[in-house]
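A.B. asks: sequence first, then the predicted structure:
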Amino acid sequence: MALVPDDSEDAESYQPLWRNEDLDVRMTRIHQQALDGEIGTTLYQFGSETTAHGIPRIFTSVSWRGRIFWLLLTVLCGLAFLFQYSLVQEKYSRQEKIVSVELVFDTPSFPAITVCNLNPFKKHLARTVPEISETLDAFHQAVTFSKDSNSYISGRDRRSLKSGFNYVQYEPSGQSDANYCLLKPDRMKRMWEIRGKHIPDKSSPFRGDFLEQLALLGYANMTDEVAITTKTKERLVLTMAGLPRQRRIALSYGKAEFIRMCSFNGQQCDIVSDFKLHVDSAFGNCYTFNAQRGRPLASERAGPSYGLRLMVFVNASDYLPTTEASGIRIAIHDQNEYPFPDTFGYSAPTGFVSSFGISLRKVNRLSKPFGDCVLPDAPLPDSYIYRDYKYEPE
């Protein structure tokens, strides 16, 4: 270390030419330059020797135009990669469902079978309910009007016919006229109703009242008998839903009256204990076979002789006029599932032997976040209607 004399009056002390702090800064600077040179050399060596497409071209290109071209191309490829990555990440976050199908050869348990009469209620008993009787009368009038509209004769053909006296047959509606006030005719729904096959002609003063009455009953501009029947069935379902459950049961068919004979697995059934009552909104009293949970029955062999065999009595003479066919409705479901014979059922006509072959298809659905299904042990949501059963809102 070199020393220089001090020009001050006390020249006995000497100061160093470079301080220790300046030396440390210089050594750090030299080390950083060496490190930067090593990093630059390493990056240049990596860029020129890497197998990534485009990057070696940036370092090995002679002209600056070539380097800029390969740099822009590499950046565009990187952006395309990020875009594809975002699409894959979004698809993964959706957690789309994957269906796995597995075939199992085993002896499955026998399903629950719900049997219903196509006619929900007995006609002579349903007529005792005023709301149902009025609905059936309205159906009769709407059907009469539809038949007359379909057989309407044009004005030119009508003038070619001989003049005659056209009349409409009116009959009392059967309602009591006691305490009836003529100043308030709306208190009585009707005093007369149309019977027979004829309705008021267009020139009749009663035709406007007749059409107005049909419109109030919900049959405005309806001339198709199938549409009228469907409309009346909906009204009957809503009317029956407002009655007490025991009243609806009393209007429909009893178990012993409906099911006459039964055999399962080659053995005679106990109709009283083997069938459970199920009150359906569309078919009235239905009866479910093998409805015991946790103790399902099993068929030993395949074939109709070892399955469920039934002979039922539908009593077609007491059908409602809205029932379009005589027969039964069958729904096949699990013991833990709520039966929907109107939606997932099969019809069997009377006078024939109907046979249905079944096979088990079990579906295990995942819960959240893969779907909206609920696990068996999880608490049911408040919107769940049939809390004791499983069902699919399809």
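C.D. replies: Perfect, thanks for sending it. Owing to the predicted nature of the structure, the values given are computational and were not obtained by experimental measurement. Numbering: from 1, shown residues only.
A.B. asks: burial of Cys286, as a residue count?
C.D. replies: Here the number of neighbours of Cys286 (other CB atoms under 10 Å) works out to 27. Using the backbone N, CA and C atoms, a C-beta is placed for each residue, glycine as well.
A.B. asks: repeat for the one 5 residues further on
C.D. replies: With neighbours defined by other CB under 10 Å, the count for Ala291 comes to 18.
A.B. asks: again with the one 10 residues further on
C.D. replies: Each residue near Arg301 was counted by other CB under 10 Å, and the total is 10.
A.B. asks: could you do Phe283 as well?
C.D. replies: Neighbour count of Phe283, defined by other CB under 10 Å: 25.
A.B. asks: Asn117 is in contact with that one, correct?
C.D. replies: Yes. Counting by CB atoms under 8 Å, Phe283 touches Asn117, with 6.5 Å between them.
A.B. asks: average pLDDT for stretch 255-273, rounded please.
C.D. replies: The pLDDT scores in stretch 255-273 average 91.
A.B. asks: which residues of the stretch 1-150 of the chain score low on pLDDT?
C.D. replies: Counting by pLDDT under 70, the ranges of the stretch 1-150 of the chain that qualify are 1-40, 43-48, 50, 146-150.
A.B. asks: where do the helices of it begin and end?
C.D. replies: Applying DSSP state H, counting those that start in this stretch to the stretch 1-150 of the chain gives helices spanning 20-49, 55-60, 64-94, 123-126, 130-150.
A.B. asks: list the residues that contact both of Phe283 and Asn117?
C.D. replies: Shared contacts of Phe283 and Asn117, defined by CB atoms under 8 Å, 6 or more residues apart in numbering, comprise Arg329.
A.B. asks: what residue spans form the domains of the protein?
C.D. replies: 16-84, 112-117+254-349, 130-152+167-239 (automatic domain parsing).
A.B. asks: what about the last one, how long is it end to end?
C.D. replies: If I follow you right, that is domain 130-152+167-239. Start and end residues of domain 130-152+167-239 are separated by 10 Å (CA to CA, to the nearest Å).
A.B. asks: likewise for the second one?
C.D. replies: Taking CA to CA, the first and last residues of domain 112-117+254-349 lie 21 Å apart.
A.B. asks: against Ala378, how distant is Ala325?
C.D. replies: 42 Å (CB to CB, to the nearest Å).
A.B. asks: now the strands: where do they sit in the protein?
C.D. replies: 3-5, 14-16, 112-117, 170-172, 192-194, 259-264, 267-268, 275-280, 284-289, 308-312, 327-333, 345-349 (DSSP state E).
A.B. asks: partners of the shortest one, with directions?
C.D. replies: Just to be clear, that refers to strand 267-268. Each strand that pairs with strand 267-268, with its direction, by DSSP bridges: strand 259-264 (antiparallel).
A.B. asks: ranges for the helices of the stretch 151-300 of the chain?
C.D. replies: In the stretch 151-300 of the chain, the segments counted as helices under DSSP H, counting those that start in this stretch are 155-160, 207-216, 225-241, 245-251, 255-258, 271-274.
A.B. asks: does Leu73 touch Gly54 like I think?
C.D. replies: Yes. Counting by CB under 8 Å, Gly54 is a contact partner of Leu73 at 5.6 Å.
A.B. asks: who has more neighbours out of those two?
C.D. replies: Here Leu73 and Gly54 are compared on neighbour count by other CB under 10 Å; more neighbours surround Gly54, at 17 against 14.
A.B. asks: that one contacts Val75, doesn't it?
C.D. replies: No. Counting by CB under 8 Å, Gly54 does not reach Val75; the two are 9.1 Å apart.
A.B. asks: contacting residues for the nearest residue to Ala325 once chain neighbours are set aside?
C.D. replies: Closest residue in space to Ala325, ignoring its immediate chain neighbours: Leu118 at 6.1 Å, by CB to CB, 6 or more residues apart in numbering. The contact partners of Leu118, taken as CB under 8 Å, 6+ apart, are Phe283, Val314, Thr323, Ala325, Ser326, Gly327, Ile328, Arg329, Ser347.
A.B. asks: buried subset of those residues?
C.D. replies: Phe283, Val314, Thr323, Ser326, Gly327, Ile328, Arg329 (16 or more other CB atoms under 10 Å).
A.B. asks: re the thing from before, any idea how far Ala250 is from the residue nearest to Ala325?
C.D. replies: Distance from Leu118 to Ala250, by CB to CB: 19 Å.
A.B. asks: my read: Lys390 touches Gln335, true?
C.D. replies: No. Using CB under 8 Å, Lys390 makes no contact with Gln335, being 9.8 Å away.
A.B. asks: between these two, which one's more packed in?
C.D. replies: With neighbours defined as other CB under 10 Å, Lys390 and Gln335 compare such that Gln335 has more, 19 against 15.
A.B. asks: any regions of the stretch 151-300 of the chain where pLDDT drops low?
C.D. replies: In the stretch 151-300 of the chain, residues with pLDDT under 70: 151-211, 213, 216.
A.B. asks: and for Tyr253, the neighbour number?
C.D. replies: Neighbour count of Tyr253, defined by other CB under 10 Å: 25.
A.B. asks: that one contacts Asp318, correct?
C.D. replies: No. At 9.3 Å, Tyr253 and Asp318 do not qualify as touching, with contact defined as CB under 8 Å.
A.B. asks: who touches both of those two?
C.D. replies: Lys122.
A.B. asks: Phe81 and Lys390, how far apart?
C.D. replies: From Phe81 across to Lys390, the span is 46 Å (CB to CB).
A.B. asks: and what of Pro56?
C.D. replies: Going from Pro56 to Lys390 by CB to CB gives 63 Å.
A.B. asks: picking up where we left off before, what's the closest of the buried ones among the contacts of Leu118 to Arg260?
C.D. replies: Arg260 lies nearest to Val314 out of these, by CB to CB, at 10.6 Å.
A.B. asks: number of nearby residues for the nearest residue to Gly242 once chain neighbours are set aside?
C.D. replies: Leaving aside its sequence neighbours, Gly242 sits nearest to Glu131 (CB to CB, 6+ apart; 7.7 Å). Around Glu131 there are 15 other residues, counting by other CB under 10 Å.
A.B. asks: how about Thr51?
C.D. replies: With other CB under 10 Å as criterion, Thr51 counts 6.
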